[in-house]
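Q: sequence and computational prediction follow.
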Amino acid sequence: MRIQVFQHVPFETPGYVAEWAELRGHTLATAHLYRGDAPPPPDAYDWLVVMGGPMGVYDEPTIAWLGPEKRAIHAALGAGKTIFGFCLGSQLLAEALGARVYVNSAQEIGWMPIEYSVDARKHPALAHFPAAKPVMHWHGDAFDLPAGALRLASSAITPNQGFIYADRVFAFQYHIEMTPQIIDALIAEFPNALRPTPTVQSADEIRAGTRAHASARRDDLFRMLDILAARSGGGAA
């Protein structure tokens, strides 16, 4: 199976998605949009993975590659591709599906709980997800639920922590793809963002959460991807 990644900054890589693809024998290609790579057309891949980043969907006037990326996401949706979006990626998918994306009431940064919806946990690829467990957050924006989408999860200040659309678009406002190395890179890149509040943890708290929870979230992600790959006929090559 051919997996295409849209990456927005050097330090937010596909993480555990790339690890899974390598272990399962799938091909993974990355378009580094921030350094001028053009997003490929839908016939170049089977799955699309849209990564996170510190920019927002509304930054198109100052970020030249956002417009072409948005058109590429629309093309992937129109072609019926399986698409995964993490953080900014989820916001780009929400916008592409006609939903409002906006600045949230507060930032969520660190390992904090979400609660999966009952309907989401009925999905065969998500049934193994725990009902309520800490996940890694690093976001300040939020989105409305697109029309026709199934709410994935919610948190105390963010009612839409993700969604499933048409049983082939999986949007995660939070991060289950981040390895400890990526989380350390974010801490190093944005130390001034880590002034503790009720929804922002310190660097030490985040590192402790990573030690406690990252491995389990990796297992959740791997199992989901295995189920979806088997469904699409994309078992290990």
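A: Received it, and whenever you're ready, just let me know what you need.
Q: distance from the longest helix seen in the chain to the middle of the chain?
A: When the chain is parsed with DSSP state H, its longest helix is helix 203-231. Distance, stretch centre to chain centre, for helix 203-231: 12 Å (C-alpha atoms, centre = their mean, to the nearest Å).
Q: report the buried residues of that helix.
A: 203, 205-207, 209-210, 213-214, 217-218, 220-229 (16 or more other C-beta atoms under 10 Å). Where C-beta positions appear, they are placed from N, C-alpha and C, glycine not excepted.
Q: go ahead and confirm residue 85 touches residue 172.
A: Yes - between residue 85 and residue 172 there is a contact under C-beta atoms under 8 Å: 6.8 Å.
Q: these two: which is more packed in?
A: Neighbour totals were compared for residue 85 and residue 172, and residue 85 leads with 26 against 23 (other C-beta atoms under 10 Å).
Q: which residue packs closest to residue 148, ignoring adjacent ones?
A: residue 165 (6.6 Å; C-beta to C-beta, 6 or more residues apart in numbering).
Q: can I assume residue 123 is in contact with residue 165?
A: No - at 12.0 Å, residue 123 does not count as touching residue 165 under the criterion of C-beta under 8 Å.
Q: what's the overlap in contacts for these two?
A: Common neighbours of residue 123 and residue 165, using C-beta atoms under 8 Å, 6 or more residues apart in numbering, are residue 150.
Q: find the centremost residue of the chain, please.
A: Centroid check for the chain by C-alpha atoms, centre = their mean gives residue 86 as the closest residue, at 1.1 Å.
Q: what segments of the protein are helices?
A: 16-24, 66-78, 88-96, 180-189, 203-231.
Q: mind checking which of the ones you listed is nearest residue 134?
A: Each of the helices of the chain has some distance to residue 134 by C-beta to C-beta; the shortest is helix 203-231, at 5.2 Å.
Q: the closest one to helix 16-24, inter-axis angle?
A: Angle of helix 203-231 versus helix 16-24, following axes from the mean of the first three to the mean of the last three C-alpha atoms, to 10 degrees, is 40 degrees.
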